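Predicted structure and sequence below. I'll ask about it afterward.
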Amino acid sequence: MAAFMAFFDGSTTTWRVSSAVVTAAVTDLWPGVEVDPTRRSEACAFRWSFSTDEGPSEVFMPEDATGLYLDAALADSARLACLLRQWMPDEVDLVFCDQGYTFDIRVRPGATAAELIEEVDDQP
């Protein structure tokens, strides 16, 4: 499984990711989601575990609620990043990247998972 991140600069907005909204979205997309609100670290203040057609996946929300860490296949991670983009104010920049920062893509309002995957695939 690849690790991805979808995050924004919390100093530019007071808006934050809502664990309730993420929980509702993830449970709508995939059955059998395990929700764990236990704060484990700054990087993992909330966790969702589930299985998709691509395999087992986890999503973590950091303590400052400025994004999501996605331990899931690219297709599932892109889908969640695009959902996050839909919930956010348009003026806040959302960055989608992989754990190694080999790419850094701005997710524009209205972007689809397919478009985001195409942008990732176009990276050198």
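Okay, I see it.

Would you state the helices of the chain in chain order?
19-29, 74-87, 113-121 (DSSP state H).

Tell me which of these sits most buried.
Ranked by mean neighbour count under mean count of other CB atoms under 10 Å, the helices of the chain are led by helix 74-87, which reaches a mean of 21. Backbone N, C-alpha and C define where each C-beta goes, glycine included.

from the chain's centre, how far out does stretch 64-75 sit?
A distance of 3 Å separates the centroid of the chain from that of stretch 64-75, by CA atoms, centre = their mean, to the nearest Å.

try stretch 11-24
Using CA atoms, centre = their mean, the offset of stretch 11-24 from its chain centre is 11 Å.

same check, this time on stretch 31-45
14 Å.

Repeat that for stretch 68-84.
Here stretch 68-84 shows a centroid-to-chain-centroid distance of 4 Å under the convention CA atoms, centre = their mean.

swap in stretch 102-120?
Centroid separation for stretch 102-120 versus its chain: 12 Å, with CA atoms, centre = their mean.

ok so, going back, kindly state which of the helices of the chain is positioned closest to F7.
helix 74-87 (9.1 Å; CB to CB).

Packing partners of that closest one?
strand 3-7, helix 19-29, strand 67-71, strand 94-98, strand 104-107, helix 113-121 (3 or more CB pairs under 8 Å, 6 or more residues apart in numbering; DSSP states H and E).

okay, those in JSON lines with mean pLDDT next?
Converted to JSON lines, those look like this (pLDDT from 0 to 100):
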{"stretch": "strand 3-7", "mean pLDDT": "95"}
{"stretch": "helix 19-29", "mean pLDDT": "94"}
{"stretch": "strand 67-71", "mean pLDDT": "96"}
{"stretch": "strand 94-98", "mean pLDDT": "97"}
{"stretch": "strand 104-107", "mean pLDDT": "96"}
{"stretch": "helix 113-121", "mean pLDDT": "97"}
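
TSV for those, including distance to V35?
What follows is the helices and strands packed on helix 74-87, written out as TSV (distance: least, CB to CB, whole Å):
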stretch	distance to V35
strand 3-7	19
helix 19-29	6
strand 67-71	14
strand 94-98	23
strand 104-107	24
helix 113-121	23
